[in-house]
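Q: Predicted structure and sequence below. I'll ask about it afterward.
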Amino acid sequence: MLQVKNIAVFIGHKKIIDDLSFQVQPGDIVGLVGPNGAGKTTIMKTILGLTNFQGQIIFANQKITENNHTALAQVGALIEHPAIYPFLTGLQNLELYSHSHEDLLQVISRLQMEHYISKQSKNYSLGMKQKLGIAIALLNHPQLVILDEPLNGLDIEATIGIRKIIQQYAEQGTAFFISSHVLSELQKIMTRLILINDGQIIIDQALTEIRNLNQCQYKLLTTNLDKTVDILSKHHLPVQKNENYLLINHTDIFKVQDLLYVHNLRLLELAPQETNFEKIIVNLLEQQRRQTHDNYHKTGTF
Ligand SMILES: Nc1ncnc2c1ncn2[C@@H]1O[C@H](COP(=O)(O)OP(=O)(O)OP(=O)(O)O)[C@@H](O)[C@H]1O
């Protein structure tokens with residue numbers, strides 16, 4: 001659906017994006033993650049034909065260039081601040097972009113904006129404006145929706161609502177390309193993670209793959225944690241005691257169950273430990289910085 005091939009973006013003489021390639025397929029929810037200044041907004045703007053770039057971007061079999069945006073009729077976007085006319089009502093703002101009244105009403109209802117949609121948008125709170133921006137991006141059943149920090153200013157209920165809507169649209173084939181620093185939220189919906197730093201991709205991987213690779217620990221709960229720790233330690237099985245549960249290696253789960261049985265201890269819970277994305281991302285970034293540092297010392301250039 002979207003193919004980004006070897007793109008490079010310069011601002012002045014500074015290379016902001018460096019030889020970046022990736023693809024987005026229908027129904028994908030791609031999370032674009034990276035430190036401040038990594039180049040996330042620049043990538044999104046580039047896909048939307050808003051920056052000059054080298055390389056190739058193809059969407060729905062059509063090339064996107066700075067001067068050819070035809071294919072972008074099928075793309076909804078919220079980048080930086082929502083493009084809202086403050087003296088128009090929310091509804092009037094939506095009508096400027098909408099091709100179908102029925103679809104417009106559906107988007108308003110899905111985002112639960114009915115009670116303020118007829119008020120002038122200059123009186124909207126940050127979260128209300130953000131929701132209006134997301135509503136604009138979702139109008140007209142786009143094939144691809146690009147959202148830059150969509151959760152800015154949203155309360156818990158709105159965040160849950162947006163999550164559900166994104167999943168519903170994705171199930172119907174809409175692809176999402178979302179940047180967010182709220183990793184805990186992003187990890188609940190994204191199907192793929194693209195991690196970037198200094199304008200380069202560090203990883204581009206399906207979430208299931210990341211989970212499988214990093215799911216090396218299991219959470220264990222028994223009727224007597226202290227006794228369990230004693231027994232496992234005596235049998236040289238690594239165990240980590242947290243406040244009210246234990247962590248064991250996934251390779252030991254059968255041995256542990258056997259030992260619990262032999263020592264008459266009851267198993268209350270044994271489940272894979274939720275992947276800690278924050279830790280994974282921090283580790284990957286540190287690894288990349290170390291490599292860059294080592295290369296600098298070997299070659300004298302970054
Ligand atoms: N108009 C501009 N002029 C000069 N440099 C710019 C401009 N826009 C972006 N940059 C630079 O490009 C780099 C990438 O910026 P970008 O906004 O894409 O990062 P980001 O990953 O979206 O960051 P954040 O998480 O802080 O929003 C940064 O080093 C920034 O300083």
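A: Happy to help now that I have it.
Q: Am I right that residue 137 is in contact with residue 78?
A: Yes. Using CB atoms under 8 Å, residue 137 is in contact with residue 78, at 4.6 Å. Just so you know, the C-beta spots here come from the backbone N, C-alpha and C atoms, and that holds for glycine as well.
Q: Spell out which residues are contacts of both of these two.
A: 146-147 (CB atoms under 8 Å, 6 or more residues apart in numbering).
Q: Distance check, residue 47 against the ligand.
A: To the ligand, residue 47 is 12 Å away according to CB to the nearest ligand atom, to the nearest Å.
Q: show me where the stretch 101-250 of the chain has strands.
A: Taking DSSP state E, counting those that start in this stretch as the criterion, the stretch 101-250 of the chain carries its strands at 144-148, 175-179, 192-197, 200-206, 217-222, 239-241, 246-249.
Q: closest one to residue 272 among those strands?
A: strand 217-222 (5.8 Å; CB to CB).
Q: Please determine how far residue 271 is located from the ligand.
A: 34 Å.
Q: What pLDDT does the model give that residue?
A: Per-residue pLDDT puts residue 271 at 90.
Q: Would you confirm that it contacts residue 219?
A: Yes. If you go by CB under 8 Å, residue 271 and residue 219 touch, sitting 5.3 Å apart.
Q: Between those two, point out the one with more neighbours.
A: A direct count of neighbours by other CB atoms under 10 Å for residue 271 and residue 219 places residue 219 higher, at 15 against 10.
Q: ok, how many other residues are close to the residue nearest to residue 249 when sequence neighbours are not counted?
A: Nearest residue to residue 249 in three dimensions, chain neighbours excluded: residue 238, at 5.8 Å (CB to CB, 6 or more residues apart in numbering). Counted with other CB under 10 Å, the neighbours of residue 238 add up to 12.
Q: contacting residues around residue 238?
A: 232, 248-249, 252.
Q: Mind giving me the ChimeraX select for those residues, buried ones only?
A: The ChimeraX command for the buried members of the contacts of residue 238 (criterion: 16 or more other CB atoms under 10 Å) is given here:
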select :232,248,252
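Q: from the contacts of residue 238, which two are the most distant?
A: 232 and 249 (10.4 Å).
Q: pLDDT weak spots in the protein?
A: 215, 296-297, 299-302 (pLDDT under 70).
Q: do that again at 80, thanks
A: 66-72, 81-82, 211-216, 274-277, 288, 291-302 (pLDDT under 80).
Q: the helices in the stretch 151-300 of the chain, which residues?
A: 156-171, 183-189, 207-214, 225-234, 253-262, 277-299 (DSSP state H, counting those that start in this stretch).
Q: so which of the ones you listed comes closest to residue 22?
A: Of all these, helix 207-214 comes closest under CB to CB, at 14.9 Å.
Q: in that closest one, what counts as buried?
A: Here helix 207-214 shows 207, 210-211 as buried, counting by 16+ other CB under 10 Å.
Q: next one: stretch 8-18
A: 9, 15-18.
Q: want to try a markdown table for those, with secondary structure and distance to residue 172 as columns?
A: Below are those laid out as a markdown table (DSSP: H, G, I helix; E, B strand; the rest coil; distance: CB to CB, whole Å):
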| residue | secondary structure | distance to residue 172 |
| --- | --- | --- |
| 9 | strand | 32 |
| 15 | strand | 38 |
| 16 | strand | 34 |
| 17 | strand | 31 |
| 18 | strand | 35 |
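Q: show me the contacts for residue 134.
A: Neighbours of residue 134 in contact, by CB under 8 Å, 6+ apart: 78, 82, 111, 147, 150, 162.
Q: oh, I was asking about residue 178
A: Residue 178 neighbours (CB under 8 Å, 6+ apart): 29-32, 146-147, 150, 166, 186, 190.
Q: Is it bridged to anything, and to what?
A: Beta-bridge partners of residue 178, counted by DSSP bridges, are residue 31, residue 147.
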